[in-house]
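Undergrad: next comes the sequence, and after it the predicted model I'd like to discuss.
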Amino acid sequence: MEVRARAPGKIILAGEHAVVHGSTAVAASIDLYTYVSLSFPTHSDNDDKLKLHFKDMDLEFSWPVGRIKAALSKIGSNDSSSPKSCSSETIKLIATLVKEHNIPEANITLAAGVSAFLWLYTSIQGYKPAKVVVTSELPLSSGLGSSSALCVSLCAALLALSDSVNLDCSHQGWLMFGENELDLVNKWAFEGEKIIHGKPSGIDNTVSTYGNMIKFRSGELTRLRSNMPLKMLITNTKVGRNTKALVASVSERTFSHPIAMASVFKAVDSISNEVATIIQSPAHDDIAITEKEDKLEELMEMNQGLLQCMGVSHASIETVLRTTLKFKLASKLTGAGGGGCVLTLLPTHALLLLLNVFMTPHILLSGTVVDKVIAELEGCGFQCLIAGIGVKGVQICFDSSS
Ligand SMILES: Nc1ncnc2c1ncn2[C@@H]1O[C@H](COP(=O)(O)OP(=O)(O)O)[C@@H](O)[C@H]1O
Ligand SMILES: C[C@@](O)(CCOP(=O)(O)O)CC(=O)O
Ligand SMILES: [Mg+2]
């Protein structure tokens, strides 16, 4: 029996970082997924190893289960139905298992993902031999939530073959979990995110688990129903960064300037609530949609200004902001910043109209504003994509033939 799980990445429309400090944020899932397949060896395979394959990087890890059991013996027995945090002592024990594999320096940030894997696997499945294969359509360490998509898809696959979840294994194709199972996946995935991020807010694993669009504050989720077409250009600056370090840097700034930062977080909270209201409010005609788009653009620019206050912008992000502004398009970073991805709202008029009179003569050529801005951004060495927004959350698929 093999089970596959897929979990979507995400964009944060408003409120990243501030959400770690108790403000509201708004996020949506995107149609780029991380896939995890899990299979147990048969008796005739005579295999006693736990194997992890990061297929995209062609990196394989394996440990005899006896070795894992010996290293983690103090943890006690596993109980997949009650998610628990990995203690700092256990993190150290897990780190010794990870270090036994010499991860190439260029891929060293993957060590956090391997540690999260070992914690989630042993906590949910115990010390069984298995093979786990991970692939992803998401760029890693870019702000699109690859860490949470990894944790959510992994937990879904592990729980699908655990005693805590009862599913119809004969179902053909992708299958959604029920609400209780989703809650369990989400809670375990949050524990994995803690290992990768240090201090996650939980918004990324929550939107990857439940999908669609959510408002999130202090662990509480409100599902949003969008009442407008929402198209975003995602520009990957390809500047790698690490969410854990960026979250820590904002915490340091908060420690140094608590009163000023409290005001920044309060302003972000208001922006996120306004974004959620605009997205959900009814729009009966094109004029109403344009008004909503104008307001969203202003709020995105305001949020970006506050992210600059938090110290998480980057020269590459500023280049994207300047470039899109030339085309009268508003942008903000998404995720932890420091490089990574930038969101640009593509208002309906930008998708339909040819360049208009506001543009300077040298760019008054054929094509839509969107074609032009993408060409210019890609000319800077960035990578652009337009992802589908608000897709379903985590899903699983059984393959009983294997
Ligand atoms: N498909 C994957 N394969 C291996 N590790 C992954 C994968 N996706 C995420 N990770 C782990 O998550 C880390 C990136 O998480 P993070 O810094 O939060 O960035 P983001 O979540 O924005 O992509 C990687 O360095 C790695 O440890
Ligand atoms: C910066 C933050 O708000 C989002 C991080 O997202 P990402 O890992 O950069 O995709 C952190 C969090 O909410 O846990
Ligand atoms: Mg992350």
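TA: Perfect, thanks for sending it. Ligands and ions are numbered 1, 2, ... in the order given.
Undergrad: any idea which element residue 50 lies in?
TA: Using DSSP states H and E, residue 50 sits within strand 49-54.
Undergrad: any idea which helix or strand comes after that strand?
TA: strand 59-64.
Undergrad: name the helices or strands packed onto that following strand?
TA: Under the contact definition 3 or more CB pairs under 8 Å, 6 or more residues apart in numbering; DSSP states H and E, strand 59-64 sits against strand 49-54. Just so you know, the C-beta spots here come from the backbone N, C-alpha and C atoms, and that holds for glycine as well.
Undergrad: neighbouring strands - and their directions - for the strand it packs on?
TA: When pairs are called by DSSP bridges, strand 49-54 turns out to pair with strand 59-64 (antiparallel), strand 130-136 (parallel).
Undergrad: hmm, back to that, restricting to C-alpha, output the strand holding residue 50 in PDB.
TA: Taking Å, rounded to 0.1, in the frame of the first residue of the first chain, the C-alpha atoms of strand 49-54 are listed here in PDB:
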ATOM      1  CA  LYS A  49      15.600   1.200   7.000                       C
ATOM      2  CA  LEU A  50      13.700   4.500   7.100                       C
ATOM      3  CA  LYS A  51      14.500   6.100   3.800                       C
ATOM      4  CA  LEU A  52      13.900   9.700   2.800                       C
ATOM      5  CA  HIS A  53      14.400  10.900  -0.800                       C
ATOM      6  CA  PHE A  54      14.300  14.600  -1.700                       C
END
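Undergrad: is ligand 1 within reach of it?
TA: Yes. Contact of strand 49-54 with ligand 1 (CB under 6 Å from any ligand atom) involves residue 54.
Undergrad: for the remainder of this discussion, apply numbering that starts at 288.
TA: Right, with 288 as the first residue, what we last looked at is strand 336-341.
Undergrad: so what's the closest residue to ligand 2 within the chain up against?
TA: Ligand 2 sits closest to residue 622 of the chain, with a gap of 2.9 Å, by CB to the nearest ligand atom. By CB atoms under 8 Å, 6 or more residues apart in numbering, residue 622 lies in contact with 298, 299, 303, 429, 430, 431, 432, 530, 628.
Undergrad: tell me, which of the residues you listed make contact with ligand 1?
TA: Among the contacts of residue 622, the residues lying close to ligand 1 (CB under 6 Å from any ligand atom) are 429, 430, 431, 432, 530.
Undergrad: pick out the most distant pair among those.
TA: 431 and 530 (11.1 Å; CB to CB).
Undergrad: low pLDDT regions in the stretch 338-487 of the chain?
TA: Applying pLDDT under 70 to the stretch 338-487 of the chain picks out no residues at all.
Undergrad: show me what from it comes close to ligand 2.
TA: Selection of the stretch 338-487 of the chain residues close to ligand 2 by CB under 6 Å from any ligand atom yields 430, 431, 432, 434, 484, 487.
Undergrad: the helices in the protein, which residues?
TA: Here the chain has its helices, by DSSP state H, at 352-358, 375-386, 397-412, 433-447, 466-484, 490-497, 530-543, 545-567, 573-597, 602-613, 635-639, 656-666.
Undergrad: and the fourth one, C-alpha only, in PDB?
TA: What follows is helix 433-447, C-alpha atoms only, in PDB (Å, rounded to 0.1, in the frame of the first residue of the first chain):
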ATOM      1  CA  SER A 433       7.500  25.300   0.900                       C
ATOM      2  CA  SER A 434       8.200  24.500   4.600                       C
ATOM      3  CA  SER A 435       4.600  24.300   5.500                       C
ATOM      4  CA  ALA A 436       3.600  22.500   2.300                       C
ATOM      5  CA  LEU A 437       6.300  19.900   3.200                       C
ATOM      6  CA  CYS A 438       5.000  19.500   6.800                       C
ATOM      7  CA  VAL A 439       1.300  19.400   5.800                       C
ATOM      8  CA  SER A 440       1.800  16.800   3.000                       C
ATOM      9  CA  LEU A 441       4.100  14.700   5.200                       C
ATOM     10  CA  CYS A 442       1.700  14.700   8.100                       C
ATOM     11  CA  ALA A 443      -1.300  13.900   5.800                       C
ATOM     12  CA  ALA A 444       0.600  10.900   4.300                       C
ATOM     13  CA  LEU A 445       1.800   9.700   7.800                       C
ATOM     14  CA  LEU A 446      -1.700  10.100   9.400                       C
ATOM     15  CA  ALA A 447      -3.500   8.500   6.400                       C
END
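Undergrad: hang on, the earlier thing: neighbour count added to the residues of the stretch 338-487 of the chain next to ligand 2, as a markdown table?
TA: Formatted as a markdown table, those follow (neighbours: other CB atoms under 10 Å):
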| residue | neighbour count |
| --- | --- |
| 430 | 31 |
| 431 | 29 |
| 432 | 32 |
| 434 | 30 |
| 484 | 27 |
| 487 | 24 |
